[in-house]
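Chemist: only geometry, no sequence info:
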């Protein structure tokens with residue numbers, strides 16, 4: 001059973017930084033494309049960033065480019081999302097996902113096979 005556990009969410013002021021972590025267990029982490037999504041009440045889960053199995057290729061939503069960095073440590077079964085210059089509109093529950101069959105990255109939620117429970121990020125303005 002593949003399990004994903006996120007951590008690192010918090011209440012911060014606008015302009016602050018946070019680093020989210022997601023640790024995977026139950027299968028070989030390096031077999032999975034990993035991604036971060038976020039969701040606010042009443043809205044669908046929104047793509048934020050994705051990273052290839054090797055970590056060489058990354059993709060970001062336009063609003064995250066230049067502020068967020070996705071990375072992974074395959075030896076630690078962990079993917080990270082470094083979030084800088086946070087804005088009030090970044091407030092959401094952040095989820096990490098694992099995609100077993102995506103080729104290089106996965107931009108859509110239905111491409112992911114497993115999800116974590118989510119971690120709340122709240123940015124006060």
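Modeler: That came through fine. Nothing here was measured: the structure is a model prediction, and the numbers come from that model. Numbering: from 1, shown residues only.
Chemist: List the beta-bridge partners for the residue most central in space within the chain.
Modeler: Taking C-alpha atoms, centre = their mean, the centroid of the chain lies closest to residue 36, which sits 2.1 Å from it. Beta-bridge partners for residue 36, by DSSP bridges, are residue 49, residue 96.
Chemist: list the contacts for it?
Modeler: Each residue near residue 36 by C-beta atoms under 8 Å, 6 or more residues apart in numbering is listed here: 20, 22, 48-50, 70, 79, 81, 94-97. Every C-beta, even on glycine, is put in place using the N, C-alpha and C of the backbone.
Chemist: and residue 56, what pLDDT?
Modeler: The per-residue pLDDT reported for residue 56 equals 96.
Chemist: From residue 93, how far out is it?
Modeler: 29 Å (C-beta to C-beta, to the nearest Å).
Chemist: More neighbours: the two, which one.
Modeler: residue 93 (18 against 8; other C-beta atoms under 10 Å).
Chemist: For the more buried one, which non-adjacent residue is closest in space?
Modeler: residue 118 (4.3 Å; C-beta to C-beta, 6 or more residues apart in numbering).
Chemist: Please state the offset of stretch 65-78 from the chain centre?
Modeler: 8 Å (C-alpha atoms, centre = their mean, to the nearest Å).
Chemist: So what touches it?
Modeler: 21-25, 29-30, 34-36, 48-51, 55, 58, 60, 79-86.
Chemist: PyMOL command to pick out the buried ones of the residues you listed?
Modeler: This is the PyMOL syntax for the buried subset of those, where burial follows 16 or more other C-beta atoms under 10 Å:
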select buried, resi 21+22+23+24+29+34+35+36+48+49+50+51+58+60+79+80+81+83+86
